[in-house]
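[1] starting from these lines, generate the structure:
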Amino acid sequence: MRVLVARQDNIGDVLLAGPAVRAVAARADEVVLLCGPRGRAAADMLPGVDRVVEWCAPWIDPDHVAVEKAAVDRVVRELRGFDRALILTSFHQSPLPLALLLRLAGTPWIGGICEDYPGSLLDLRHPDTDVPEPLRMLALAEDAGFPSPADTRLRVREPLPDTDHLTGGPAYVVVHPGTSVPARAWPPERCAEAVRLLRAAGHRVVVTGHGDEKELTAFVAGEDGLDLGGRTSLPELASVLAGASAVVAGNTGPAHLAAAVDTPVVSLFAPTVPAARWAPFGVPLALLGDQQAPCKDSRARECPVDGHPCLASVSADEVAAAVEILASVEEVPTR
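    All right, here's what the predicted structure looks like:
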């Protein structure tokens, strides 16, 4: 049985799909993951994936993506030959555009979570549920005949690369100040203050970030942190996070990557999307940020409220205290 699993958005979204992918892989002969360019690096790291198909879907990507007949024809050809397809989406996304392309490719059975009437596009129309995103996707897989694995935590392929030459060895705290969505970022000044407080408390502090965030990571690291901004691939970042006693991050892909390597997370979570669905899953967690702020459930990309109160209200002292608690946690719960 050849199964296509689709998750077409960002790195964190793809990582959250990992438990559902493993459930499918346990019963399928081949699992192909369809992803977008923003999630490709994570797709290559998921256990259970035999092959990756990358395509930028115009109804998923937040930037303007032209709809070109040649590109659609090309992806339809690439999607031929599957026995089943599971379309994994966020609550605000529809599986129906991709289901239409899969029907054109001849896919005989398609399942997705869908509140809209699907006509003949879906064979399994699974209801939406207000649960953590990995469990939501696992429920679809289970309804499709792929039982949940015993371990439902996030996972990445191992072994990870050795990054001791970058970090100086394990037992440090990671501060990841960047986010792909500005409304989800803790103010840089607070990040820098947290680095100073953590260093004063005796922690080595490693500051991580994308290559486009080097100016930010240099500012946050200052004289007290080790700046690794732009110096790691995604597998190397996973290794850096795995060596940490705790990770401080916003609602962004590296927070989910930390969860995938069993590292506790201090989550600076803006309530633009619900934490009940999107907080780091399956690891010890300190959730900080005003979850009742006016931006709640707005899905805003730029903060719609003057002063960014949902996260600006969080002090560096609160973050440092949360790190002290999480860094002492030895057991990682299974959910």
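[2] quick one: contacts for residue 49?
    By CB atoms under 8 Å, 6 or more residues apart in numbering, the contact set of residue 49 is 21, 25, 31-33, 43. For the C-beta atoms, the positions are set from N, CA and C on the backbone; glycine is no exception.
[3] can you list the weak-confidence ranges in the stretch 1-150 of the chain?
    Along the stretch 1-150 of the chain, no part satisfies pLDDT under 70.
[4] what segments of it are strands?
    Ranges of strands in the stretch 1-150 of the chain, per DSSP state E, counting those that start in this stretch, are 2-6, 30-35, 51-54, 84-87, 110-113, 124-126.
[5] out of those strands, nearest to residue 194?
    With CB to CB as the measure, strand 30-35 is the member of the strands of the stretch 1-150 of the chain nearest residue 194 (32.9 Å).
[6] how about that closest one: buried residues?
    Using 16 or more other CB atoms under 10 Å as the test for burial, strand 30-35 gives 31-35.
[7] next, format these as a markdown table and append distance to residue 48.
    Listed next are the buried residues of strand 30-35 as a markdown table, based on distance: CB to CB, whole Å:
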| residue | distance to residue 48 |
| --- | --- |
| 31 | 6 |
| 32 | 11 |
| 33 | 9 |
| 34 | 14 |
| 35 | 14 |
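[8] which among the strands of the stretch 1-150 of the chain is found nearest to residue 222?
    Closest approach to residue 222 among the strands of the stretch 1-150 of the chain (CB to CB): strand 30-35, 36.1 Å.
[9] which strands and helices sit next to that closest one?
    Packing partners of strand 30-35 (3 or more CB pairs under 8 Å, 6 or more residues apart in numbering; DSSP states H and E): strand 2-6, helix 18-25, helix 40-43, strand 51-54.
[10] report the two of the contacts of residue 49 separated the most.
    25 and 43 (13.4 Å).
[11] more neighbours: which of those two?
    Of the pair residue 25 and residue 43, residue 43 is the one with more neighbours under other CB atoms under 10 Å, namely 25 against 20.
[12] let me see the contact set for that one.
    7, 14, 33, 35, 49, 52, 54.
[13] isn't the second one right up against residue 54?
    Read that as residue 14. No - checked against CB atoms under 8 Å, the pair residue 14 and residue 54 is beyond contact range at 11.2 Å.
[14] which neighbours do the two have in common?
    The contact sets of residue 14 and residue 54 overlap at 35, 43 (CB under 8 Å, 6+ apart).
[15] between these two, point out the one with more neighbours.
    Using other CB under 10 Å, the more surrounded residue of residue 14 and residue 54 is residue 14, with 29 against 17.
[16] what separation is there between the more buried one and residue 2?
    Per CB to CB, to the nearest Å, residue 14 is found 20 Å from residue 2.
[17] what segments of the stretch 151-300 of the chain are strands?
    Under DSSP E, counting those that start in this stretch, the stretch 151-300 of the chain gives strands at 172-176, 205-207, 226-227, 244-250, 265-268, 285-288.
[18] mean neighbour count, these: which tops it?
    Of all the strands of the stretch 151-300 of the chain, strand 265-268 carries the top mean neighbour count, a mean of 29, counting by mean count of other CB atoms under 10 Å.
[19] that one packs against which elements?
    Using 3+ CB pairs under 8 Å, 6+ apart: strand 265-268 touches strand 244-250, helix 253-260, strand 285-288, helix 316-327.
[20] relative to residue 235, which of the ones you listed is closest?
    Residue 235 lies closest, by CB to CB, to one member of the helices and strands packed on strand 265-268: helix 253-260, at 9.8 Å.
[21] is it true that residue 28 touches residue 3?
    Yes - contact criterion CB under 8 Å: residue 28 and residue 3 qualify, at 4.3 Å.
[22] show me where the stretch 201-335 of the chain dips below the pLDDT cut-off.
    Scanning the stretch 201-335 of the chain with the threshold set as pLDDT under 70 gives 330-335.
[23] apply 80 and report the result again.
    329-335 (pLDDT under 80).
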